[in-house]
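In: just a sequence and a predicted model for now, questions to come.
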Amino acid sequence: MPLKLTTYYHGNDIPELPGNNTFHSTGLFRIYEATPGYTPLLIVASEGDRFVAKLLAVVRRSVRMFPPGIIKRCEVYGTGEYFDNTADKEAIFSELLQRLTDEALRNAFLIEFRNLDNAKFGYKIFRQNRYFAINWMRVYNSLHSVEDVKERFSPSRLRQIRKGLNNGAQVREAHSMKEITEFARMLRNNYSSKIRRHFPSILFFHNLEEYLQEGQSSIFIVTYKNKIIGGSACIYSGETAYLWFSGGMRKTYALQYPGILAVWKAMDDAKQRGYQHIEFMDVGLPFRKHGYREFVLRFGGKQSSTRRWFRIRWNWLNRVLTKMFE
């Protein structure tokens, strides 16, 4: 039976779909849809009346200091979700990728596939569709093999956590919209471009709470004298917790170590919920020193090499970059 592909641009049009991958869920689609600057598209593959796969992508505005000042880029986390373990997943992905490439390059200058679970999956298919790969880094902590997440922390990190708590900092999960708004504003004002060049609208964090099912996301806040001075935001999928954003007012409240407490709380909570791993998003290129990567590695994490796949709308530039990264 031939594979049928359907692209959805509006959340209200999406039928009820199977699956538990948060990065390709209708909930995340709705978060993107309700956040300014984001335009999601969901491609669903089916055979007859049976759904076999789905792939969620988002096109967002990217503002840069140098020309072109504003570009649109399409981002995909992973390579989709597949519902039939006996199916040829690479054959299905080939069709999904062709459809996504055709649709995304109408509006986006750049397509990027990141956070690949299997760096080898779809290698030939990406190449056939003129994508080029750049080596990247992943940092993750195994939670299943320790009783307490602090077992693998460096001695200095343990002292900092103890001092931060002794100096009056408190850490807990946020739930009210007022707390989430204050957290997002704090993070925006104190976030380093060295960690993530793009920071979303405050509404993105409100939408995490509203559109994802209970247990699919969490926001943690570090407070001192009733003021939010740090925090972190996690998203959960499968057996892994993903630390998407974290930070704190480390210069103003140095003795409270807000950024460190925010990461520790996210890790400890993921352990309590029974997740096997926690992964830190956006830890940078392997051949460049990256401050955030060095920071999270002191929590006992492991590095592993992966790749990200890119495709540029301008064919001549895409060919040049393909040659460069072969």
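Out: Everything's here; your move.

In: which stretches of this structure have low pLDDT?
Out: Residue ranges of the chain with pLDDT under 70: 1, 63-70, 191-197, 283-290.

In: does residue 80 touch residue 55 like I think?
Out: Yes. Using Cβ atoms under 8 Å, residue 80 is in contact with residue 55, at 3.8 Å. No exception for glycine: its C-beta is placed from N, CA and C like everyone else's.

In: can you pull out the strands in the protein?
Out: 4-8, 38-47, 50-63, 70-77, 81-82, 110-114, 132-142, 170-173, 217-224, 227-237, 240-248, 277-280, 302-312 (DSSP state E).

In: to residue 27, which of those strands lies closest?
Out: Residue 27 lies closest to strand 217-224 among the strands of the chain, at 8.8 Å (Cβ to Cβ).

In: what sits up against the closest one?
Out: Residues outside strand 217-224 that contact it (Cβ atoms under 8 Å, 6 or more residues apart in numbering): 22, 168-174, 179-180, 182-183, 205, 208-209, 228-236, 248, 253, 256, 258, 261-262, 265-266, 269.

In: ok, back up a step: and the strands of the chain as JSON lines, adding mean neighbour count and distance to residue 151?
Out: Formatted as JSON lines, the strands of the chain follow (neighbours: other Cβ atoms under 10 Å; distance: least, Cβ to Cβ, whole Å):
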{"stretch": "strand 4-8", "mean neighbour count": "16", "distance to residue 151": "45"}
{"stretch": "strand 38-47", "mean neighbour count": "20", "distance to residue 151": "39"}
{"stretch": "strand 50-63", "mean neighbour count": "20", "distance to residue 151": "36"}
{"stretch": "strand 70-77", "mean neighbour count": "19", "distance to residue 151": "29"}
{"stretch": "strand 81-82", "mean neighbour count": "21", "distance to residue 151": "33"}
{"stretch": "strand 110-114", "mean neighbour count": "20", "distance to residue 151": "30"}
{"stretch": "strand 132-142", "mean neighbour count": "19", "distance to residue 151": "10"}
{"stretch": "strand 170-173", "mean neighbour count": "16", "distance to residue 151": "19"}
{"stretch": "strand 217-224", "mean neighbour count": "24", "distance to residue 151": "20"}
{"stretch": "strand 227-237", "mean neighbour count": "24", "distance to residue 151": "20"}
{"stretch": "strand 240-248", "mean neighbour count": "24", "distance to residue 151": "17"}
{"stretch": "strand 277-280", "mean neighbour count": "22", "distance to residue 151": "14"}
{"stretch": "strand 302-312", "mean neighbour count": "17", "distance to residue 151": "14"}
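
In: could you dump the ones you listed into CSV and include distance to residue 102?
Out: Below are the strands of the chain laid out as CSV (distance: least, Cβ to Cβ, whole Å):
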stretch, distance to residue 102
strand 4-8, 10
strand 38-47, 10
strand 50-63, 12
strand 70-77, 12
strand 81-82, 21
strand 110-114, 11
strand 132-142, 18
strand 170-173, 42
strand 217-224, 31
strand 227-237, 27
strand 240-248, 29
strand 277-280, 31
strand 302-312, 11
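
In: out of these, which is closest to residue 187?
Out: Smallest distance to residue 187 across the strands of the chain (Cβ to Cβ): 5.2 Å, for strand 240-248.

In: quickly run through the sheet partners of the closest one, with directions.
Out: Applying DSSP bridges to the sheet, strand 240-248 is found paired with strand 227-237 (antiparallel), strand 277-280 (parallel).

In: make a markdown table from these and add distance to residue 319 to it.
Out: Below are those laid out as a markdown table (distance: least, Cβ to Cβ, whole Å):
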| stretch | distance to residue 319 |
| --- | --- |
| strand 227-237 | 35 |
| strand 277-280 | 33 |
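
In: ok, which of the ones you listed comes nearest residue 86?
Out: Comparing the strands paired with strand 240-248 against residue 86 with Cβ to Cβ, the closest turns out to be strand 227-237 (22.8 Å).

In: centre of the chain to the closest one, how far?
Out: 13 Å (Cα atoms, centre = their mean, to the nearest Å).

In: repeat for stretch 100-118
Out: What separates the centre of stretch 100-118 from the centre of its chain is 15 Å, taken as Cα atoms, centre = their mean.

In: follow-up on the earlier one: out of the strands paired with strand 240-248, nearest to residue 146?
Out: Nearest to residue 146 among the strands paired with strand 240-248 is strand 277-280; the distance by Cβ to Cβ comes to 11.5 Å.

In: return the alpha-carbon coordinates of the closest one using PDB.
Out: Output of strand 277-280 as PDB, limited to C-alpha atoms (Å, rounded to 0.1, in the frame of the first residue of the first chain):
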ATOM      1  CA  HIS A 277      19.000   9.900  31.800                       C
ATOM      2  CA  ILE A 278      19.000  13.700  31.700                       C
ATOM      3  CA  GLU A 279      20.500  15.400  28.700                       C
ATOM      4  CA  PHE A 280      21.700  19.000  28.500                       C
END
